[in-house]
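> sequence unavailable; structure follows:
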Ligand SMILES: [Zn+2]
């Protein structure tokens, strides 16, 4: 690893440990030229499928966007930030397992709805109303009725 002080490529690792709850390896390095000590982090490279929108356009998967969408649905509900992050992780897990190359917006939306259904009914209805774009009140009521029956 190139030394940030002198630019030498000659260094040795003096300490190596797991960090960020096992998501990373943190290494302390010492430059053999100038003795400068610096830290590097090593992460698993994650690749996401491309998201196919309803009109056929494709866009890169955006974790933050998904987290915001779920977060909005859960506003002022008894759902913790950790619950939301877990939900995002589960959506990512499912889509990368089933559709590693290309995943439809529909699949992501339906998966989120399933998870919210287990997590919080109000958040579920909120998300469904945005996602399904209920055309009128009766459609919205149908969904509610179905929910109340279960
Ligand atoms: Zn150096």
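Received, thanks. None of these values were measured; they are calculated from a predicted model.

> switch to C-alpha atoms for all contacts and neighbour counts from now on
Will do.

> now the strands for the chain?
Chain-ordered strands for the chain, with DSSP state E as the definition, fall at 11-19, 24-31, 37-43, 50-52, 58-59, 102-104.

> any idea of the pLDDT on the closest residue to residue 88 other than its chain neighbours?
Using C-alpha to C-alpha, 6 or more residues apart in numbering and skipping the chain neighbours, the partner closest in space to residue 88 is residue 67 (6.2 Å). What the model reports as pLDDT for residue 67 is 93.

> spit out the contact partners of residue 67.
Contact partners of residue 67, counting by C-alpha atoms under 8 Å, 6 or more residues apart in numbering, are 84-85, 88.

> return the member of those residues nearest to the ion.
Sorting these by distance to the ion puts residue 85 at the head of the list, at 39.4 Å, by C-alpha to the ion.

> separation between the residue nearest to the spatial centre of the chain and residue 87?
Central residue of the chain (C-alpha atoms, centre = their mean): residue 63, 4.0 Å from the mean position. Using C-alpha to C-alpha, to the nearest Å, one gets 11 Å for the distance from residue 63 to residue 87.
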